[in-house]
Every structure is written in structure tokens, then in C-alpha cells.
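Engineer: predicted model, plus sequence, below.
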There are 2 protein chains.
Amino acid sequence: MKREIRILGIDDMPFSFKDGNVDVVGVVMRGGTYLEGVLKTTIEVDGTDATSKIVEMIERTRHRGQIKVVMIDGVALGGFNVVDGREIYDSTGIPVITITRNRPHMEKIKQALKKHFDDWEKRWKIISRDKTSEIVMDYTVYVKNYGMELEEVKEIIKLSTIRGAIPEPIRVAHLIATGIKTGESHGRC
Amino acid sequence: MKREIRILGIDDMPFSFKDGNVDVVGVVMRGGTYLEGVLKTTIEVDGTDATSKIVEMIERTRHRGQIKVVMIDGVALGGFNVVDGREIYDSTGIPVITITRNRPHMEKIKQALKKHFDDWEKRWKIISRDKTSEIVMDYTVYVKNYGMELEEVKEIIKLSTIRGAIPEPIRVAHLIATGIKTGESHGRC
């Protein structure tokens, strides 16, 4: 694993459920620490276009040829606009890692989907299809990985994390997403 | 000069002169390399509120107490919305550096102001009042400095520049400003 590897980190802006759309921020970082590019796309709140919009964003960027892995904050963006990591990997050939700090409560997710969506089974199928792995390092994180072995995922998370639990590409995408939307970035990451 | 010094870098988003307003991005970086926060404010294109909006942005942020210097991309934002570095320094007590890669053409600026603004003398007074210094390092940059000696300005630019001529806080603010506005960041910096 080269330390200079380019990682695309993705997070969504804050939104309210009255909003129709929500912007999604992508950051291209070299070695997980040097910012090389900032991307933006727009998806529907609770829609079904997150996967295709992310694929589009990857395909159109000038950084396309450099990006070696995509890291996404969680398994859905803009509410329950589910991100299909496998489809992103199949479409682009770039490995995908979804990552969260909290253990996903699968039963809660299922109930929420059932309650809110007629097409809940389709969304649930994507979310529940692939294994979530626990990675214990200084902190514990939960990942789904596509096109990349778990050992390599660990290595990538390690080299791209400066402090705390969250790799720089996702931490920086989160700071930008919250700062631009609200005027001042905030924490969680 | 501590390497861990917090710098606020400021740049504006791209805009067209049909736009009434333009967003301005601020980034707080530690040691000029580790992103700690992202701020946003909005100013009028060709207006006169850049100085007061930047002062406000500084006063309201949670990073207020940490910021040791403000770096601004040029002497005006959003067209000819002139930034008064002296007033920012006087109001906040934080030293200010305006920085450009190209030598400012003072006579051209004066003519443009005369042509477009009834209040051109007021704007010109701020722009022309303080000395522009040439700093020659690996690259040459042009700065105005407020509340900080030129030797210290050089030191700050040196410690916050990773590659090329532009210190990280301004380079990163520029990448965010262009990426969020257009979908993909671009270069100049």
C-alpha cells in the first residue's frame, strides 16, 4: 500500500426532511492527508439516486484515474438514500469502503424502512446484503468493503487517520459539508 | 513562531456579475496543514460589506480564540468588494495578511474602480493606502501585512506552504470554494 494513495471521501450536507435535495461533498486526498480536489453532487432526500450520482461524480472528475479507493460515511446519504457500494465498485472498478463509528442497528433500520417506504424491501436488500465488519484499532469502526480485502481496508484506514477514529477524507468531507451548509463546521467526526 | 499556529484562510466562490451575492469560504488550519474548521459567510458582488462580514465571521466562530493570523486571497473579494485588512486587524486584534501571486497593477485597478463605481475614491483609498511587499522565496508572492512584521509574515508563509506558492489555508479555501460552487474544484492555486 503506497502512502501516496488517492482516496475519495464522501459525506452529505446537513438537511431537513422538508428539503427535496441535499448536496453531497467528495474530497480527493493524497495519502489521506493532502487535499487535492473537492467535488459536489446533489441527491434527493430519501431518494434512490445516491449510488448513480456517486458513480457519475467519480466518472466525470479529472481525478478519476488517480482514485484508488472510495470511502463513504455510512450506508446511506440524505436520509435513507441507500448507497450500494457493490454497484459503485462494479461500475467504476474502484474499491469502496463504507464506514461508521457506531454499530449499525439492523433491526431498527429495517423497521424505519418499513414504516417510511413502499419500496422498503429494495432498500433493505441493499443494506442487509453484505457483511458489516468490526475493525478494532485505537477506536472501533464498522465497515462494509467491496473490491478490497479487510486487511487492506485496515491498512488504508490506518494510514489515512491522523487523530481520532475517522479517516481524513471523511473527516474533511464532513467539515466542508457542515461548514458550507451552516456557516460553521461541526464535530461528530 | 509555533508550527501548530492556527491560520484562517479566506477565498471567495466563483460568481458571475449577474449574481447579487457570493459566498466566501474560511478554513481554520493548524500549522497550515491540518484542517480544523470550515466557515462560510455571504457578501455582495461588488458591494462594500466584505470587511464587516469577515469580522463577523471571525467573531462568531468557536475557533475565535485560537486564530493567530488571517490570510486573505487578494485585496478584494466578490469583484471589487474591498477588504480592509487594517480594519479587520483593528477590530479583532488578529494580524492579517493579504496575498497574491501576481503583482497588483495599481493603475489598472484605479481605472477599473473609476469606471464602475461612484464611490471609487473610497475603495481606492483602502486599496492604495498600505504598502504591498514582494516576498521572494521559492516563488514570489505579493502581500500586505497588518499587525505583523514582514519577517514574521515570511515565516508563516513558509511553514504553511507545502508545495507551490500558495499557503495551505488559502489553497484549501480555494479548492472548497470552487468545488462546492461548480461541482469540481480547479486550480490556479
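Structural biologist: It's in.
Engineer: alpha carbons only for contacts and neighbour counts from here, please
Structural biologist: Noted.
Engineer: which residues touch residue A:28?
Structural biologist: A:6-9, A:35-38, A:63, A:67, A:169 (C-alpha atoms under 8 Å, 6 or more residues apart in numbering or on different chains).
Engineer: neighbours around residue A:90, how many?
Structural biologist: Residue A:90 has 14 neighbours, counted by other C-alpha atoms under 10 Å in any protein chain shown.
Engineer: what residues does whichever strand or helix holds it touch?
Structural biologist: Assigned by DSSP states H and E, residue A:90 belongs to helix A:85-92. Contacts of helix A:85-92 from elsewhere in the structure, counted by C-alpha under 8 Å, 6+ apart, are A:51-52, A:54-55, A:58-59, A:94-98, A:145-147.
Engineer: ok so, going back, out of the contacts of residue A:28, which is nearest to residue A:120?
Structural biologist: Residue A:120 lies nearest to residue A:9 out of the contacts of residue A:28, by C-alpha to C-alpha, at 27.0 Å.
Engineer: distance of that closest one from residue B:175?
Structural biologist: Here the distance between residue A:9 and residue B:175 works out to 15 Å (C-alpha to C-alpha, to the nearest Å).
Engineer: next: residue A:103.
Structural biologist: For residue A:103, the distance to residue B:175 - C-alpha to C-alpha - is 33 Å.
Engineer: residues of the host helix or strand of residue A:171 that come out buried?
Structural biologist: Per DSSP H and E: residue A:171 is located in helix A:168-182. For helix A:168-182, burial by neighbour count (16 or more other C-alpha atoms under 10 Å in any protein chain shown) applies to A:168-182.
Engineer: ditto for stretch A:8-25
Structural biologist: Neighbour count says stretch A:8-25 has A:8-15, A:21-25 buried, by 16+ other C-alpha under 10 Å.
Engineer: of these, which are in range of chain B?
Structural biologist: By C-alpha under 8 Å from any C-alpha of the partner chain, the members of those lying near chain B are residue A:25.
Engineer: including pLDDT, secondary structure and distance to residue B:133, could the buried residues of stretch A:8-25 go into TSV?
Structural biologist: Formatted as TSV, the buried residues of stretch A:8-25 follow (pLDDT from 0 to 100; DSSP: H, G, I helix; E, B strand; the rest coil; distance: C-alpha to C-alpha, whole Å):
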residue	pLDDT	secondary structure	distance to residue B:133
A:8	98	strand	38
A:9	98	strand	39
A:10	98	strand	40
A:11	98	strand	41
A:12	98	strand	42
A:13	98	coil	40
A:14	97	coil	42
A:15	96	coil	45
A:21	98	strand	46
A:22	98	strand	44
A:23	98	strand	41
A:24	98	strand	40
A:25	98	strand	37
